[in-house]
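Visitor: This is the structure alone, sequence omitted:
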C-alpha cells in the first residue's frame, strides 16, 4: 500500500489547537490511518478488494475484542506547549517518544499558566487529588490569582538576575515554578494514544490535562475516524463490571427480552448482536 494520507488530517497539520491561557497542541506529522489498521490486520499488500463497510466492521471487531497490535501501526507526532505540572503528569505515560525544551541549554520563556476564575475550586473532601464543584467566593478567587501571578513575576525576575550574573542556566532555573510553560515533541502509536485519552479525558483527571486530551482527541478523529468511532463506542463510553456486579445484573435480566432482531434495530451489527447474546448467556451461567 502506498503512503496513506488523509485529507482531513492534512488540513490541520501544524495548526495550533489552543489550550489553557498560553498553551497549544499541534499535529506535526502522522503515519497511517484507518487503512493502515486493516492492512496490518489482514497482513496483506495493497488495498485488496475489501469495501469501506468491511473495513469499518473489521476495525470495530478489533477494538471490541482488544486486538490492539494493528492500531500500533498508526503513529502521531505532536508539538505541545504545556505547564510543567501538566507535563509531570503526562510523562507518566511511558509508551511515547519525548523530546522536551531544555532549560539547561536555553533560556526559559516568561510564560506561566494562570487559571481562569471558573477553574479555581476548593479541595475535594473525598478525592485527595481533586477539586470539589463548589463556588469559591469572588474575593478569594482574586486573592488566589494575585498570589500566583505575584509569585510568578518575582521568581522569574530572580531567574533573570541569576542569568545576568552569569550563573549557569541549569542552576538558575531550579527555583522556577511548576506553572512555567515548557514545550516538547511527543510521538506515540494509536493504541497507546487511545489509552492516554481514556485516562486523561475522564472526569476524574485534572482539568488542565483534560483540556489537552480533548484537543488531541479532535486531532485523532481526523487521522483515523473509523478507529476513533470504535474507541468511543467500545472503550471511552463503555463500562466494566466485576463478577459480583454481573451477578446482580443477571438476577434482574430477562434474556428472553433480547432478540437478535431487537439488538440489530438498536444499531448493533449482526456479529456484534450474536456476541452480545453469547455474553448474556455467560452472565447467567456464572
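Guide: Okay, I see it. Here the structure is a predicted model, which means the values were calculated and not measured.
Visitor: which ones are touching residue 272?
Guide: 60, 64, 263 (Cβ atoms under 8 Å, 6 or more residues apart in numbering). (C-beta placed from N, C-alpha, C; glycine too.)
Visitor: what are the phi and psi angles of the residue lying farthest from the centre of the chain?
Guide: In terms of distance from the mean C-alpha position of the chain, residue 165 ranks first, at 41.9 Å (Cα atoms, centre = their mean). Main-chain torsions, residue 165, degrees, to the nearest 10: phi -90, psi 10.
Visitor: Kindly provide the distance from it to residue 58.
Guide: Note on residue 165: its distance to residue 58, by Cβ to Cβ, to the nearest Å, is 63 Å.
Visitor: and if you look at residue 153?
Guide: On the measure of Cβ to Cβ, residue 153 and residue 58 end up 56 Å apart.
Visitor: same question, residue 8
Guide: From residue 8 across to residue 58, the span is 21 Å (Cβ to Cβ).
Visitor: so what's residue 103 up against?
Guide: Counted by Cβ under 8 Å, 6+ apart, residue 103 has contacts 169-170, 173, 176, 182.
Visitor: For PyMOL, what selects the buried ones among those residues?
Guide: Of the contacts of residue 103, the buried ones go into a single PyMOL selection, burial set by 16 or more other Cβ atoms under 10 Å:
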select buried, resi 169+173+176+182
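Visitor: Where helices are concerned, which of the contacts of residue 103 count?
Guide: 169-170 (DSSP state H).
Visitor: in this structure, which spans are strands?
Guide: 16-19, 23-31, 75-83, 97-100, 122-123, 131-132, 181-189 (DSSP state E).
Visitor: Flag whichever of those strands has the least confidence on average.
Guide: With a mean of 84, strand 131-132 has the lowest mean pLDDT of these.
Visitor: Return the list of strands paired to that one, each annotated with direction.
Guide: Paired neighbours of strand 131-132 in the sheet (DSSP bridges): strand 122-123 (antiparallel).
Visitor: Quick check: the gap between residue 156 and residue 79.
Guide: 24 Å.
Visitor: Compare neighbour counts for these two and give me the winner.
Guide: residue 156 (19 against 16; other Cβ atoms under 10 Å).
Visitor: For residue 246, which non-adjacent residue is spatially closest?
Guide: Closest residue in space to residue 246, ignoring its immediate chain neighbours: residue 283 at 5.3 Å, by Cβ to Cβ, 6 or more residues apart in numbering.
Visitor: What's the local residue count around the one you found?
Guide: 17.
Visitor: Could you tell me which ranges of this structure sit under the pLDDT cut-off?
Guide: Along the chain, segments meeting pLDDT under 70 span 1-3, 44-50, 286.
Visitor: hey, which helix is longest across it?
Guide: helix 138-164.
Visitor: who does it touch, helix- and strand-wise?
Guide: Applying 3 or more Cβ pairs under 8 Å, 6 or more residues apart in numbering; DSSP states H and E, we find helix 138-164 packed against helix 169-172.
Visitor: Beta-bridge partners for the residue nearest to residue 79 when sequence neighbours are not counted, please?
Guide: In this structure, residue 79 finds its nearest non-sequential neighbour in residue 26, 4.3 Å apart by Cβ to Cβ, 6+ apart. Beta bridges link residue 26 to residue 16, residue 79, judged by DSSP bridges.
Visitor: Was I right to think residue 26 contacts residue 19?
Guide: No: with contact defined as Cβ atoms under 8 Å, residue 26 does not count as touching residue 19 (10.5 Å).
Visitor: Looking at these two, which one has more neighbours?
Guide: Between residue 26 and residue 19, residue 19 has the larger neighbour count (other Cβ under 10 Å), namely 24 against 18.
Visitor: Let me see the contact set for residue 167.
Guide: Residue 167 neighbours (Cβ under 8 Å, 6+ apart): none.
Visitor: What separation is there between the spatially most central residue of the chain and residue 72?
Guide: The centroid of the chain falls nearest to residue 197 when counting by Cα atoms, centre = their mean (2.4 Å). Noted for residue 197: a distance of 15 Å to residue 72, by Cβ to Cβ.
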